[in-house]
Structures are given as structure tokens and as C-alpha cells.
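K.L.:
The sequence and its predicted three-dimensional model are supplied below.
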Amino acid sequence: MEYVKRGKDELQKLHSQIKTFVSNDNHTNDVSRKVVNVLKKVEALTSIKRMHQVYIMIGLVLFIAIARNAFKIITLLVGTIYPSYYSFKAIESSDKSDDTRWLVYWVAFAAFSLIETFTDVILFWFPPYYIVKLIILIGFMWPDHKRNLSYILYYKIIRPLIKKNEKKIDDTVNNVAREVTEAVTSFKTD
């Protein structure tokens with residue numbers, strides 16, 4: 001209960017500080033003066049009190065933060081849970097065409113995730129980022145093969161690129177595997 005009382009006291013203190021800030025028309029700091037002037041102009045135009053404007057802005061920032069995180073979780077669930085379940089169903093079925101469908105999905109998903117690792121820093125700031133990502137992932141799972149984004153990505157870009165460089169990739173993977181095996185073996189014997 002002590003935490004609740006302290007939290008309530010801190011919120012009241014913050015409320016008082018904000019009220020003092022927005023009520024002061026004689027700020028010496030340029031930025032503070034400009035912020036208060038904007039709040040005054042909005043109040044004159046809309047009749048929304050300065051304190052209410054601040055709370056509306058705080059509410060909007062919190063809403064955007066929560067919404068972005070909610071879309072992030074939804075995107076993660078849609079991009080992994082649904083395909084994982086249907087991959088399981090494909091493995092358990094006797095039809096091998098559904099195996100190929102979900103393998104193509106996972107290869108495209110891996111490529112998309114790899115690219116996203118590098119672009120996420122920039123694209124994260126794009127407001128509808130997770131909505132666009134969700135639409136792309138739904139496109140990866142689209143039932144119609146002609147419009148399925150994972151098939152398009154795989155057959156138009158990934159497959160030709162890997163086929164062209166398959167020997168180099170195999171050689172590199174084999175060399176790395178051999179070197180790791182040797183390193184682990186020499187580590188065990190030392």
C-alpha cells in the first residue's frame with residue numbers, strides 16, 4: 001500500500017508541476033515560452049484548456065506506444081503461430097504439396113526476417129510499420145499460389161539467387177562446419 005500512496009503522491013506532484021508550467025505566461029526559456037504560446041493559441045481556437053491539451057497529448061503518446069506494441073505482438077503471432085500449426089498439419093498429412101507450401105513460407109519468412117534485421121532500425125519509425133508487416137505476412141500465407149507473396153519471393157528471387165550460388169554456398173557451409181568441428185575437437189582434447 002505504501003507504493004500506491006507514493007505513486008499517487010508522485011502523480012499529484014507531476015500534475016502540479018505541469019499546471020504551473022502551462023499556466024506561466026512569463027517563461028524565460030525560449031522553448032518553454034514557445035510551448036506555452038502554442039498551448040494558448042490552441043486554447044483560444046478550441047476552448048480546450050491547456051492542462052487538458054497536455055493530458056490529451058500524453059494520452060495519445062501512450063495510446064500510440066500501446067498500439068505499436070499490440071501490433072508487434074499480433075504480427076509475431078500471425079507470422080509464427082498460424083504457420084507453425086499448419087506446418088505441423090502438413091507434416092502429418094500424406095499430401096506432400098502442403099509440405100512444399102509451408103517450406104516455401106519458412107524460407108521466405110527467414111529471408112524477410114533477415115532483411116528486416118537490418119531495415120528495422122529505419123522502418124520502425126514509419127508509423128504503420130507493423131500494419132504493413134502484418135499485411136506482408138498475410139500475403140506470405142495467401143492460399144492462392146499465384147498471389148502468394150512467399151511463392152513470388154521464393155521463385156522470383158530466392159531460388160534463382162541460391163541456384164546461381166549453390167556451389168559457393170555449399171563450399172562455404174562445409175568449410176565452416178569443418179572448422180567448427182576441428183575447433184570443438186581441439187578444445188575437447190586440450
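P.N.:
Okay, I see it. Predicted model only: the values in this text are computed from it and were never measured.

K.L.:
hey, where'd the helices end up in the protein?
P.N.:
Along the chain, counting by DSSP state H, helices occupy 2-23, 30-46, 50-92, 97-123, 129-140, 149-153, 159-189.

K.L.:
just these: most buried one?
P.N.:
helix 149-153 (a mean of 20; mean count of other Cβ atoms under 10 Å). To be clear about C-beta, it is placed using only N, CA and C from the backbone, and glycine gets the same treatment.

K.L.:
starting at the chain centroid, how far to that helix?
P.N.:
Helix 149-153 has its C-alpha centroid displaced from the chain centroid by 21 Å (Cα atoms, centre = their mean, to the nearest Å).

K.L.:
for it, packing partners?
P.N.:
helix 97-123, helix 129-140 (3 or more Cβ pairs under 8 Å, 6 or more residues apart in numbering; DSSP states H and E).

K.L.:
Which elements pack onto the first one?
P.N.:
Helices and strands touching helix 97-123, by 3+ Cβ pairs under 8 Å, 6+ apart, are helix 50-92, helix 129-140, helix 149-153.

K.L.:
angle of the longest one against helix 2-23?
P.N.:
For helix 50-92 against helix 2-23, the angle between stretch directions is 130 degrees (axes from the mean of the first three to the mean of the last three Cα atoms, to 10 degrees).

K.L.:
taking the mean pLDDT, what do you get for helix 50-92?
P.N.:
Taken as a whole, helix 50-92 has a mean pLDDT of 89.
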